[in-house]
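Visitor: Would you be able to build a 3D model of this:
(one chain, ligands or ions: 1)
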Amino acid sequence: MISDLENIWSRSSRSLKRSVIRELLKLTARPEVISFAGGLPSPDTFPKEDLKQVMMEMMDQESNFVLQYGTTEGDMILRKRLVEKQYRTIEGMDITVDNLVIVTASQQALDLIGKIFIDPGDKIIVGAPSYLGGLSAFRTYGADMVGVELDDEGMDPVKLEQTLAEMKAQGTRPKFMYIIPDFQNPTGITMPEERRIKILEIAKKYDVLILEDSPYREIRFEGQHQKTFFSLDNTGHVITIGTFSKILCPGLRIGWVIADKRIIDKIVMAKQAADLCTSPLTQRIAARFLEKEKMNELLSSTVAMYKEKRDIMIEAFEKHMPEGVSWVKPQGGLFLFLTLPEHMDSETLFMKAIEKNVAYVIGSAFYAKEGGLNKMRINFSYASKEDIREGVRRLAEVIRENM
Ligand SMILES: Cc1ncc(COP(=O)(O)O)c(C=O)c1O
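Guide: Next up, the predicted model:
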């Protein structure tokens, strides 16, 4: 057995730490725990029968193709479908297949974007708070992540501009700003279009890329669809990431990146070295599923189910949560962010919640540096309706007892 592994790890792998969050989440896996912790879609939304039929037809008719290696750019049928039917028609985006690469779900997009843009010490702007997996991906490449606070319309443009102006004065420029505009993970906040336009103006003024990550975009319960950053921009300042994980199923591991062709080409080169190609099998499953024109039906039932669960959760909050605990009602997505009184610490509370068999993700996990100690992210898509009611009752009890 090799004796000195610690001396041969790469510098970047030395900085990899077992995530505290992953360790905490392991505790939530016991069957008696009602977990509001993961970001899992409900398996009741998975279109199992349709997928089974698609897979059988595929194995009958195109097995040699789907079982073979594919191109790094991705399945042409899927790319064309996404470009034509989704982005050109619905989102009004002026793109061609050359602007889109398929990736192994959006987590790989975050990793590859980190790889092609970030050198150790490079600054990037992230929302404070932001999706934990995005922060981990950028941290791997040594990013110096600068958090910009959110208000209830998302990233605060005044604070963003202050931050960029300070950086400029010091002769630095961030590589990109990471923004989750629709039903943000973890806060559930959606950025109105006027705010997107303001942020885009700032991005153009300081000539900084916007990385728009929007896995929850289609899961809207009420209110108006807001234009994507990409469709509001005509200057090549936006990279958009999408995924089937929350609207079809995460097990396919299919996502995509849309950007300026020069950025797509670089991602393709980085992806080639990472995994040659995303599974042709699961890409074609997604493509053939879309051809069955059942996506809208699936989305409507998913949205209806999650809306009902959100309402049950809010009703349970109103019934059980003690004075001093607050939340914003999300218009879509999978999450709610709970704010406890200032002096409370959701990390200490976590073990007490686990003792009562209920779990959440601690707020500080979503901050690049410090913050969020008195916050917790609560998922409402996965637990059953009964478990939502009971889990909130238990959680409220833990909070009350520790106030
Ligand atoms: C904002 C955001 N981006 C990316 C992902 C990764 O999703 P996937 O890799 O399944 O597409 C998630 C998952 O929860 C997310 O919330």
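Visitor: Let me see the domain layout of the chain.
Guide: Following automatic domain parsing, one finds the domains of the chain at 5-46+297-401, 50-291.
Visitor: Can I get the ones you listed in JSON lines including distance to the ligand?
Guide: Any C-beta I mention is one placed from the backbone N, CA and C, and that applies to glycine too. Output for these, formatted as JSON lines (distance: least, CB to the nearest ligand atom, whole Å):
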{"stretch": "domain 5-46+297-401", "distance to the ligand": "4"}
{"stretch": "domain 50-291", "distance to the ligand": "3"}
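Visitor: Quick check: which of those domains has the most neighbours on average?
Guide: A comparison of the domains of the chain by mean neighbour count, using mean count of other CB atoms under 10 Å, puts domain 50-291 on top with a mean of 19.
Visitor: Dihedrals phi and psi, Gly188?
Guide: Backbone dihedrals for Gly188, given as degrees, to the nearest 10, come out at phi 80, psi 0.
Visitor: picking that back up, ok, of the domains of the chain, where does mean pLDDT dip lowest?
Guide: Out of the domains of the chain, domain 5-46+297-401 stands lowest, with a mean of 93 (criterion: mean pLDDT).
Visitor: Could you tell me the end-to-end distance of that one?
Guide: The first residue of domain 5-46+297-401 is 47 Å away from its last residue (CA to CA, to the nearest Å).
Visitor: just the strands in the stretch 151-300 of the chain please.
Guide: Using DSSP state E, counting those that start in this stretch, the strands found in the stretch 151-300 of the chain span residues 154-155, 176-179, 209-213, 238-243, 255-258.
Visitor: Adding distance to Asn64, write these out as CSV.
Guide: Below are the strands of the stretch 151-300 of the chain laid out as CSV (distance: least, CB to CB, whole Å):
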stretch, distance to Asn64
strand 154-155, 47
strand 176-179, 40
strand 209-213, 35
strand 238-243, 28
strand 255-258, 25
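Visitor: Compare the ones you listed and give me the one nearest Met191.
Guide: strand 154-155 (3.5 Å; CB to CB).
Visitor: ok, longest helix in the chain?
Guide: Looking only at the chain and at elements set by DSSP state H, the helix with the highest residue count is helix 295-320.
Visitor: For that one, what is the distance to the chain centroid?
Guide: Between the mean C-alpha point of helix 295-320 and the mean C-alpha point of its chain there is a distance of 19 Å (CA atoms, centre = their mean, to the nearest Å).
Visitor: helices or strands up against it?
Guide: Helix 295-320 sits against strand 335-339, helix 385-401, with contacts defined as 3 or more CB pairs under 8 Å, 6 or more residues apart in numbering; DSSP states H and E.
Visitor: Check which strands are paired with the shortest one and give the direction for each one.
Guide: Looking back up the chat, that one is strand 335-339. Each strand pairing with strand 335-339, determined using DSSP bridges, is listed with its direction: strand 326-327 (antiparallel), strand 375-379 (antiparallel).
Visitor: Compare the ones you listed and give me the one nearest Ile34.
Guide: Using CB to CB as the criterion, the shortest distance between Ile34 and the strands paired with strand 335-339 is 10.9 Å, found for strand 375-379.
Visitor: Return that closest one as PDB; C-alpha atoms alone will do.
Guide: Taking only C-alpha atoms (Å, rounded to 0.1, in the frame of the first residue of the first chain), the coordinates of strand 375-379 have been written out as PDB:
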ATOM      1  CA  LYS A 375     -31.500  30.600   8.400                       C
ATOM      2  CA  MET A 376     -32.600  27.200   7.200                       C
ATOM      3  CA  ARG A 377     -33.500  25.800   3.700                       C
ATOM      4  CA  ILE A 378     -36.700  23.800   3.600                       C
ATOM      5  CA  ASN A 379     -37.700  21.600   0.600                       C
END
